[in-house]
Structures are given as C-alpha cells and as structure tokens.
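**Student:** Generate coordinates for the sequence data below:
(chains A, B, C and D)
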Amino acid sequence: MKNKIMTAQEAIAGIEDGASIMVGGFMACGTPEILIDALVEKNVKNLTIICNDAGVPGRGVGKLVTNGQVKTLIASHVGLNPEVARRMNTDVEEDKLECILVPQGTLAERVRAGGTGLGGFLTPTGVGTIVAEGKQVINIDGRDYLLEKPLKADVALIRGSVTDKFGNTTYNATTRTFNPMMAAAAEYVIVGACEIVEVGEIDPNNVVTSGIFVDAIVGGEQPWQI
Amino acid sequence: MKNKIMTAQEAIAGIEDGASIMVGGFMACGTPEILIDALVEKNVKNLTIICNDAGVPGRGVGKLVTNGQVKTLIASHVGLNPEVARRMNTDVEEDKLECILVPQGTLAERVRAGGTGLGGFLTPTGVGTIVAEGKQVINIDGRDYLLEKPLKADVALIRGSVTDKFGNTTYNATTRTFNPMMAAAAEYVIVGACEIVEVGEIDPNNVVTSGIFVDAIVGGEQPWQI
Amino acid sequence: MADIKEIIAARVAKELSDGNVVNLGIGLPTMVANFLPEDVHIILQSENGIMGMGPAAEKGKEDVDIINAGAQYVTVNPGAMYFDSATSFGIIRGGHVDATILGALEVDQHGNLSNWIVPGKMVPGMGGAMDLVVGAKKVIIAMQHTQKGAHKILKECRLPYTAVGVVDMIITEMGVMEITPEGILLKELHPDYTIEQIQEATEAELIISPTLQPMK
Amino acid sequence: MADIKEIIAARVAKELSDGNVVNLGIGLPTMVANFLPEDVHIILQSENGIMGMGPAAEKGKEDVDIINAGAQYVTVNPGAMYFDSATSFGIIRGGHVDATILGALEVDQHGNLSNWIVPGKMVPGMGGAMDLVVGAKKVIIAMQHTQKGAHKILKECRLPYTAVGVVDMIITEMGVMEITPEGILLKELHPDYTIEQIQEATEAELIISPTLQPMK
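**Tutor:** Now for the predicted structure:
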C-alpha cells in the first residue's frame, strides 16, 4: 500500500497559484486548520475557494482571506467575516475578492453532483429570486425547478476525526458538514486528521469517506480551543 | 415520545390494494422478510413494488411476485426470479405483471431525489440506449445527459440491523443497499428490525437513518439462514 | 423589547406539536424552545448537521466539535444523529422539517419573503434560508410588526426575494396572520392593539377573520 | 473452455496496477483476481455496497449480511467500507472506479457495447452495468472472441446498446484490442492464431498495430 502520510508542507506542495480548492467545515468547525496554516505559509495566490462560508477572522478560510490569497470565494454565507466585505469593495486591485453566493443546500448538492458524475440537478430553491438569474428553469409535473450544475475542484482540504492509513475517515459530530462530498469532488484530496489509526481499526459500517478518495494524510490536526 | 413499536400486522394495517411500496435490499439481502410475510398473509393486490430486483423465489419481494400481488415492478434486475418472466408473458389477465427496468444507479438516485425534494437529475447513464426513450436529453458543457425524475411511494419497508425506539437505524454490511434512500422517499415507513435498543444507545455519529422518517418498528427480523 | 420578543416566541411555541421536527433561525426564533409546554417535545434540526439538537452547552463544558448553525456550542439529546450538509438539506428540501421559524425584512400578501439583502449594506449570504423556506412544511415568520415604524408586511416585497409564495404564517407582537390565496388573514389580535392600529402598521390590507380571537 | 477463460483472465490481470479500484462482472471477470502478481493489490468495489471486497466466504463461515452483486457470500478485507446504493453508484458514475471488467454479447468499432438484451429471451435487466460502463475510467471487455463461431466484435452492434462509445479495450483468447477513434487496433495477438484467423473471427476491420506483440 502506498504511504499517504506526510507533512502538511509535503501534502500541499503541488498546490499552485490559481488553484481551485474545496475546504470542508461550517464556520471553521470541521475545517483542517493545519492545512490552512500550511497554505498561508506557502502564500499561494489567486485561489478559488469553495467553502460553506468565509470562516471567521483568524479561523478556517478566514486566514486565507485575511492573507489576500483568495480571488474568488464560492460560499453560502460570509457574514461572520467582515474582511470579506472589505475586500469585495476595495479599490486595491490585488486585494479584490469576488464572492459568489450559493444557497447552502444547493452548494452541498452541487459538490455532491461533482463527485458523483451527475450533469446537474433540479432544485426548487432559488426559483423566482436573483439566484435564478441565467439559469434554466425546468417544469416537472407542474412545479418549477432551477437546473443547477456540478462543482469540482483541483484540491479538497478535509478534516478527519479518525483516519486510517489508507485514508478511510470518520467525522465527529458537526465537523462532518461538506467534508464527505468534497472528498469525492476534487482531483487531489488531503485529510488533516486528528487521529491516525491502522487500517482495519475503523468498523467498515462506520467509515464515512473511503480511502480511495484520499491522496494525502496529515496528522496533528488539533481541536479548536475555545 | 410516541410508541412506534408494534406487530407486523399492525404496522401494515394501513396498506391497501393498489399501494406503491418501496422495499429495501439487494437479492433479498437487506429486505425485511417479516414485513413481506405479513403482506403475503394480508394478500393485498395490485401493488406497485419498487425494489432493486425481484428477489428470488421464496425470498424478499419474490414472495409477493409468487403470490400474485405485484402488478407493476420497478427494478434494475429480475433475472434471478424466473417467476417474473412467466408472469410478464402470461395470458391470464389477473396474473400479469408489468416490469419497468431502470439502471441500478439511476434507480438509487431517483429514490434519493424523491426523498430529498429534487425535481430530477441529469445522468450520463442510458444516453443513446432504449433507456433514453421518452426522456429529455440535456447537454451540459458538451456532454449529453438524461433528465431522470424522482420516485416516491406510499410505503417503504426497511430492514434495520439495530433500531432504537425512536427509529434511528443502522444497517450491517451489505444490508444497507436502498434502505436509507427509501426511508426518506415514502409517506409511511416501517422498519423490520433485527435488534431494538433504547433511545441513546446508538452513537449519533453512526446512525444512518434518522428516526424522524420512521413511523413503525417491528422487531423479530431474523437473519436469513443459508 | 425583551417583552415583545417573548410575546412573539411564546405565541409561536403554540404552533408546534409534540414530535414536530423544527428548524429555528438565529435570534428570536431560538427563544421559541423556552416556551414549549411540558408535554410538547420537538426535535430540533440544525442545518449544519444535527437532528435532535439540545440546549446551548454550559460554559466550561463545551465540546468544540458540536456547534449549531449560528456557530454556538450546543449539546445533543439522546437519540440525536449527525449528518453531512447534503443529507441535511436533503431532509430540509425533501419536506421532512415540519416547521421553520425565522425573521424577515419584508413579507408580502402573496407569501413572498425577503430577508437576506438590505440595499447598501453588506450582503452576508442566504446561508440555508432559501432552502429552508422552500422545503419546510410550514414557514412561520416571527418578527416585530414594524421596523422602527416602517412597514414590513407589504402588498409586494421591495427587497430581493428569499423565496416566492412560501410563507404560511406571520406572528408579531400585534397579532397572528395567515397567508391565504385571498391575502393576509388576521386570525388573532393582541389585546394591547386595535384592528385599526394593526392595519395602520401593515401596508397590505388585512382580511379580518370572522372568528377573530385575542392573541393567545 | 476453462483454459480459454484462464488465458483471458490472466491477460486482463496485467492491465491492473497496484491500488486500482476495480469492479469485476460476474463469471469470467471474477477470475481476474486469481491472476494478479503478488505485488499488485487491487481494491474491489461491489456495486451492492462494498469497497474492499475480499474472497468468497468459506463454506460454513458465511456471514449472511455480506454478499456480492452476484448474491454470493463474500468477505471483506481490512480497510473495507460499506455504503448504500446511491453512494455506490455515485462512486461509479463519478469516475472513481479505475476499471470495470465485464463480458459482452456484442462490441463494435465505435466502442458501443450490447450486453443486456437477447431478442426472444427474457430480459433480466441491466442491473448496474449501464452505470458501470459509463462511469468507470477504463472499460475492459473480457470474453471469448466469438459465440460458437458467430461474430461478436462488429462494425455496428445489432442488439440494443448497453452504452455508446464506452469500451476502451477488448481482451479475448485471440488477442488484445483497443478502441481508437480510427477503429479497433489489434495490439497483441495470441501465438496460437494468425492475423488472418483473428480477422476472420472479427466482423469489424482490425487495424494492425505497427508494434504488434505476441499476447502476454
């Protein structure tokens, strides 16, 4: 079996300027901080970040925003990170951040579609609102739906609670969020793991993300301290 | 908390002739035999059965087919039950069975769409084949997809390995199959459970089907004997 | 102020039945849980991935892996379940949430809702609100009747929609209203107000129920 | 007969690399696992819900909760995972299966595949085959070159399609062929046969590779 365990620096070595990166978590709960920190250190720029939200300043993708690494942010909510608003409205060209807002359920489903080979799906969410702009409306049995397209990315940064050396991963409590869908929707998948165990230690009934999706495992992810 | 535990006869009391019923399992592995047996005993007729397959004679939905209760079968594979072919080609009007074949992945996704409020989804499966007949073809970024519609049913018969008294359910090994999607896609959901435990005994990380979907729990489901 | 919010939350609580699956928005809606009768146990869904959410975590006993959709540390009740965001919104969009309770900037007589964009202010994002109001079986708007005197219950929403035709009920400190095909039906009036006062505070024309009751 | 199947299965095994995720059809394809070199460990996916399937269960030691897609009792390897059918076909359709190996009634020079309907016979259903051949990164058809002398590798399939333009490779007892935009490229020829013999057994015109090798 190929060794997937490496340092955060090794794991993110292939990430270049302009990469599209999915980041798991909800308000940074379920975001692999250890991988975010490595990205901040590497200081790659012009990233497209796909995440539920913008984290908060000093946590999660908020660190990437503050460090000026994010060119485009695809998220459902950015209200808890005032830095996003500042960068959306700045006149300094290189600080500018474009924010594409997507309803949370649609965002989750678009990432799922990306990982599961669907060409899109029909959702009632957003019909009649500005979210519908530019999208095809399809009527099924008398009800209107928006045709929403899949989302994929170059890289996914996943936070695992327990990960075996093959990459099989479980997520504790509300750290699960977008992590399982993102692990399937990106070309290169890195798990920042709180605990690494031997293959076979996780009950096959309880694995949430299969190791086949995982390219790199980085240990030492710490729970956020209050 | 409402008591959901009852006998199989009580659980299926509301199922009438002509009902549409989703049945979990794959070649009867993961099918709640105790509920099928009760349906055979009740002898309701003209059922529409949605199941991965036709089971085998004497197991799973095969029992309903043999007993002449199935008018329409929506499945991906019926080859292991010769009784299906006989009834598809019979001249005896009341024995006639209509079989609608759906690719397995599309069937699973259609049931999921039914339970999750999607109006449909775009799949590459079946493009250019007879499965595409009568379906809308939508091109997304240069590739053709079929628009497939959701499936719902009046009743779902689910097989739980461990179910708590609220209905939270886990499935052991390959008994999982279509059960989780079906539990969300039917109006009335019955779990045939191998083991019933107190609320709180299943780790919230490991619950697969939430009790909110479950209307009735029937204990005493036995593993199939070889 | 606290009083008004409590009046509203207490009245909303009466709309919920034992066993209901409910998603509560941030702020006032969260208070609803405090006003449930002893024999009514609802199941709280939190869109970040909980079925069966419990009360806020005690100070010093927080589990950092368990937050609600407002990023507060919470607990879970026995029989809870955790799930991913696609599953969570599958539950919401699929109609498995009996009621969602949230605030609004504007609601109109067609049941249209605007609660996510204030022109000239930063747009925080719709989060899960668009899915929730489209998917939940019953959408209850719980809010103060006016915004510093300005109308919020309108003939037509002026702000960008969160969703169209989705609101079932509006509960304010002044009364209880239902959206019907004919318009907004006033079903209960708070004893502190007259019909004239609530109509004056409402841009849309209220249909007064022939069985109008004092607000419970 | 067993010999021919073994020749085919052994050659198919050489197409697989260590760590590949593979779905094996029922029958001949299942034999492929027996011919893998010691240092090649593949991960078997079974569409009824296993990643990391192991060998068939020993008689008397069967676990009735663990079957493969052919309804046989199997085992799982350490590091396995179970999942539901929507997840399973999400993995398949999403391109996460490196190779699927299955038989065919007919294949044609455009990579079209027909393997589920024989006119006049009972139609057993496509099961997971349509999803597998559309979703897997590499589709390898492993079959006897002809059906009792009748052509199976055609200019155009005559039977209803399982999928169009999906086949990457055909491996028979006579040779190894690749589907290219120009047609079917013969890359390896079994030493027991001549080019004339394999062409005679093939309706489609074979393009003979300039680097034609003896079949490994």
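**Student:** just the helices in chain A please.
**Tutor:** All helices of chain A, identified by DSSP state H, fall at A:8-11, A:33-42, A:62-66, A:82-88, A:104-116, A:179-185.
**Student:** where does the chain dip in pLDDT?
**Tutor:** All of this is about chain A. For chain A, applying pLDDT under 70 flags the ranges A:226.
**Student:** actually chain C
**Tutor:** Short version for chain C, where the test is pLDDT under 70: C:1-2.
**Student:** what does it have sitting close to chain B?
**Tutor:** With Cβ under 8 Å from any Cβ of the partner chain as the criterion, chain C meets chain B at residues C:18-19, C:21, C:41, C:43, C:51-52, C:76, C:78-83, C:89-96, C:135. For glycine as for every other residue, the C-beta is placed from the backbone atoms N, C-alpha and C.
**Student:** among those residues, which are in strands?
**Tutor:** When DSSP state E defines the strands, the subset of the residues of chain C next to chain B inside them is C:21, C:43, C:51-52, C:76, C:78-82.
**Student:** nearest to chain D, of the helices of chain A?
**Tutor:** helix A:104-116 (3.3 Å; Cβ to the nearest Cβ).
**Student:** Would you confirm that C:K5 contacts C:V32?
**Tutor:** No. Using Cβ atoms under 8 Å, C:K5 makes no contact with C:V32, being 10.3 Å away.
**Student:** So for those two, which sits in the more crowded spot?
**Tutor:** C:V32 (27 against 16; other Cβ atoms under 10 Å in any protein chain shown).
**Student:** show me what contacts the more buried one?
**Tutor:** C:9, C:12-13, C:16, C:22, C:24, C:101, C:142 (Cβ atoms under 8 Å, 6 or more residues apart in numbering or on different chains).
**Student:** Distance to D:I179 added to the residues you listed, as a markdown table?
**Tutor:** Below are these laid out as a markdown table (distance: Cβ to Cβ, whole Å):
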| residue | distance to D:I179 |
| --- | --- |
| C:A9 | 66 |
| C:V12 | 63 |
| C:A13 | 66 |
| C:L16 | 61 |
| C:V22 | 56 |
| C:L24 | 57 |
| C:I101 | 58 |
| C:A142 | 62 |
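**Student:** Of all pairs in these, which one is the farthest apart?
**Tutor:** C:A9 and C:V22 (12.7 Å; Cβ to Cβ).
**Student:** Pick out whichever of these two has more residues nearby.
**Tutor:** Between C:A9 and C:V22, C:V22 has the larger neighbour count (other Cβ under 10 Å), namely 25 against 21.
**Student:** before we move on, the earlier item: so which of the ones in strands among the residues of chain C next to chain B reach chain A?
**Tutor:** C:76, C:82.
**Student:** Select, from the ones in strands among the residues of chain C next to chain B, the two members most distant in space.
**Tutor:** C:V21 and C:P78 (16.2 Å).
**Student:** Around chain D, which positions in chain A sit nearby?
**Tutor:** A:1-2, A:112, A:115-118, A:164, A:166, A:168, A:184, A:199-200, A:204-205, A:207, A:210-213.
**Student:** Quick one: the helices in chain C, in order.
**Tutor:** According to DSSP H, the helices that chain C contains are C:2-13, C:28-31, C:85-93, C:129-135, C:195-200.
**Student:** ok, C:A10 - contacts?
**Tutor:** C:F35.
**Student:** What residues of stretch C:112-124 count as buried?
**Tutor:** C:112-117, C:123-124 (16 or more other Cβ atoms under 10 Å in any protein chain shown).
**Student:** whoops, I mixed them up, stretch C:13-30
**Tutor:** Buried, per 16+ other Cβ under 10 Å, within stretch C:13-30: C:13-16, C:20-25, C:28-30.
**Student:** And for stretch C:170-184?
**Tutor:** C:170-179, C:183-184.
**Student:** If you tally nearby residues, what's the number for C:A71?
**Tutor:** Other residues close to C:A71 by other Cβ under 10 Å number 18.
**Student:** List the contacts of it.
**Tutor:** By Cβ under 8 Å, 6+ apart, C:A71 lies in contact with A:26-27, A:29, A:56, A:80.
**Student:** so how far is chain B from it?
**Tutor:** 19 Å (Cβ to the nearest Cβ, to the nearest Å).
**Student:** Can you give me the distance of that residue to A:G58?
**Tutor:** 14 Å (Cβ to Cβ, to the nearest Å).
**Student:** Please apply the same query to C:E178.
**Tutor:** 45 Å.
**Student:** from what I can see C:N48 touches C:A69, true?
**Tutor:** Yes. Using Cβ under 8 Å, C:N48 is in contact with C:A69, at 4.8 Å.
**Student:** neighbour-wise, which of these two wins?
**Tutor:** For C:N48 versus C:A69, neighbours defined as other Cβ under 10 Å are more numerous around C:N48 (32 against 26).
**Student:** now the more buried one, nearest residue through space, not along the chain?
**Tutor:** A:F26 (4.3 Å; Cβ to Cβ, 6 or more residues apart in numbering or on different chains).
**Student:** Next up, the contacts around that neighbour.
**Tutor:** With Cβ under 8 Å, 6+ apart, A:F26 has these contacts: A:52-53, A:174, A:177-178, C:48-49, C:67, C:69, C:71, C:85.
**Student:** So which of those residues is the closest to A:L122?
**Tutor:** For those, the minimum distance to A:L122 (Cβ to Cβ) is 18.8 Å, reached by C:S85.
**Student:** Tell me how many other residues crowd the closest one.
**Tutor:** C:S85, neighbours per other Cβ under 10 Å, totals 30.
**Student:** Without its sequence neighbours, what residue ends up closest to it?
**Tutor:** Nearest to C:S85 is A:A108, by Cβ to Cβ, 6+ apart, at 3.9 Å.
**Student:** I'd guessed that neighbour sits against C:I92; true?
**Tutor:** No. Using Cβ under 8 Å, A:A108 makes no contact with C:I92, being 10.3 Å away.
**Student:** Tell me which residue lies farthest from the centre of chain A.
**Tutor:** Distance from the centre of chain A peaks at A:G142, with 34.8 Å (Cα atoms, centre = their mean).
**Student:** Please tell me how far the residue with the largest distance to the centre of chain C sits from chain B.
**Tutor:** What lies farthest from the middle of chain C is C:G60; by Cα atoms, centre = their mean that is 30.2 Å. Separation of C:G60 from chain B (Cβ to the nearest Cβ): 22 Å.
**Student:** Could you do C:P214 as well?
**Tutor:** Relative to chain B, and taking Cβ to the nearest Cβ, C:P214 is found at 32 Å.
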